[in-house]
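Asks: what follows is a predicted structure for the sequence shown.
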Amino acid sequence: MNLDILKTKYLFMPDATRGAVRYLTTKQLEETKTEALVTNTLHLLIHPGPDVIQKLGGIKKMMNWKGIVFTDSGGFQLFSLLHSKKWKGQVHENGATFLSPKEGNTYELTPETSIDIQMKMGSDVLVTLDDCRDAKISKKEASQSVERTVKWAKRCKEHFEKEYGGSEKTGKLLTCVVQGANYLDLRKECAKELVNIGFDGYNFGGYVVDEEGELVVDEMETVIENIPKDTIRYAMGVGKPEDILKASKIGYNLFDTVLVTRNARHGTVYTSEGTLRIKNKDMALDSRPVDPNCKCECCKNYSRAYIHHMFKSKEATALTLLTIHNLTYYQNLIASINSDN
Ligand SMILES: [Zn+2]
């Protein structure tokens, strides 16, 4: 598989959190011109588990997906769940020990196990375990998070090389996560130390928007200034269409957000004329397509009124069609960024 496009092209990667982009078949996903997707290690660790995925031939075989698969390390969700005490467990120098909220099983996520899990899943691009904290933390806490993130990234790389032969032998890429919260000097320090270790990509981690919902431009710029240009520059969790445009101008090239699919499920759609709420009463007799300028399966074949009716009747097909549309909108946005650059 040619993974070079991850370093040169702009790509939007939908979240296939549990190994599926919600409401879409893999064929429908391909038809939106999606080239890469992101799966969530933490959710797949809990169900069906990496051993099951490996026995079934890996996540790509399971999904019958021919594109690229990114796996996150599970750090972001796990650590935010543990720090906010929504999940039971402990973050420690070696990673985290936690209880699965459903089965009550105990899991241990360390730099080494996170690599092992991602390898069993058969991911193309792995992400190192990072110590993600809340958005508002003291400098001391942010500094500790940077220290651990760098230490764990190094352990991940060493394990990936020693145990699997690294990128050369596996053909896979290993990326890391830059932390440092909103402290520019810590962001810089984290980026520089990670560059010294050497990775195939440097992902912007932590919170990407501030309390007002504004993109953290200064932090993102600081990181970009301190990483090589010919690598993966993934702005994790970015985001709204306008934020993707901003982040791409700063120098990031990969993006993902749950908004695309989540908004579709809530009946909010992106169109060339702004956002549209399919639930609204004025859609009931609107015979126009969701977006007259879109050529997706939803817009080519159905009216707003029909989707409104299906949505109100809780027909899952409405959610499928709206997800197809929203994802197509994002992929068109990315295509326009690619053609402008
Ligand atoms: Zn459409």
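Replies: It's in. Numbers count the residues shown, from 1 in each chain.
Asks: run through who's touching stretch 217-237.
Replies: The contact list for stretch 217-237, computed with Cβ atoms under 8 Å, 6 or more residues apart in numbering, reads 6-8, 70, 72, 76, 125, 173, 175, 177-178, 180, 182, 184, 187-188, 191-192, 194-195, 199-205, 208, 244, 246-247, 250-257. Any C-beta I mention is one placed from the backbone N, CA and C, and that applies to glycine too.
Asks: now do it: distance to the chain's middle.
Replies: 15 Å (Cα atoms, centre = their mean, to the nearest Å).
Asks: L24 versus the residue of the stretch 51-200 of the chain at minimum distance from the ion, what's the distance?
Replies: Going by Cβ to the ion, the ion is nearest to G67 of the stretch 51-200 of the chain, at 20.4 Å. Distance, G67 to L24, by Cβ to Cβ, to the nearest Å: 13 Å.
Asks: the closest residue to the ion within the stretch 1-150 of the chain and G67, how far apart?
Replies: The stretch 1-150 of the chain approaches the ion most closely through T32 (9.4 Å), counting by Cβ to the ion. Distance from T32 to G67, counting by Cβ to Cβ: 11 Å.
Asks: more neighbours, these two?
Replies: T32 (24 against 17; other Cβ atoms under 10 Å).
Asks: which phi and psi does the closest residue to that one other than its chain neighbours have?
Replies: Nearest residue to T32, sequence neighbours excluded (Cβ to Cβ, 6 or more residues apart in numbering): L327, at 4.4 Å. With angles defined as degrees, to the nearest 10, L327 sits at phi -70, psi -40.
Asks: these two touch, right, N94 and T113?
Replies: No. Contact criterion Cβ atoms under 8 Å: N94 and T113 do not qualify, at 10.0 Å.
Asks: residues contacting the residue lying closest to V258 once chain neighbours are set aside?
Replies: Spatially, and ignoring its direct neighbours in sequence, V258 is nearest to D15 (5.4 Å; Cβ to Cβ, 6+ apart). By Cβ under 8 Å, 6+ apart, the contact set of D15 is V21, L37, V38, T39, N40, D256, T257, V258, T261.
Asks: give me that answer again for 7 Å
Replies: Contact analysis of D15 by Cβ atoms under 7 Å, 6 or more residues apart in numbering lists V38, D256, V258, T261.
Asks: residue closest to the middle of this protein?
Replies: D256 (4.4 Å; Cα atoms, centre = their mean).
Asks: gap between the closest residue to that one other than its chain neighbours and V127?
Replies: Nearest residue to D256, sequence neighbours excluded (Cβ to Cβ, 6+ apart): M13, at 4.5 Å. For M13, the distance to V127 (Cβ to Cβ) stands at 12 Å.
Asks: out of the two, which sits in the busier spot?
Replies: Higher neighbour count among M13 and V127: V127, with 32 against 25, using other Cβ under 10 Å.
Asks: phi first, then psi, for the residue in the stretch 101-250 of the chain that the ion sits nearest to.
Replies: Using Cβ to the ion, the closest approach of the stretch 101-250 of the chain to the ion is made by P241 at 14.3 Å. For P241, the backbone dihedrals are phi -50, psi -40 (criterion: degrees, to the nearest 10).
Asks: report the buried residues of stretch 117-137.
Replies: Of the residues in stretch 117-137, 117-133, 137 count as buried by neighbour count, 16 or more other Cβ atoms under 10 Å.
Asks: just the helices in the stretch 1-150 of the chain please.
Replies: 5-8, 26-31, 41-46, 50-55, 59-63, 75-83, 111-121, 139-164 (DSSP state H, counting those that start in this stretch).
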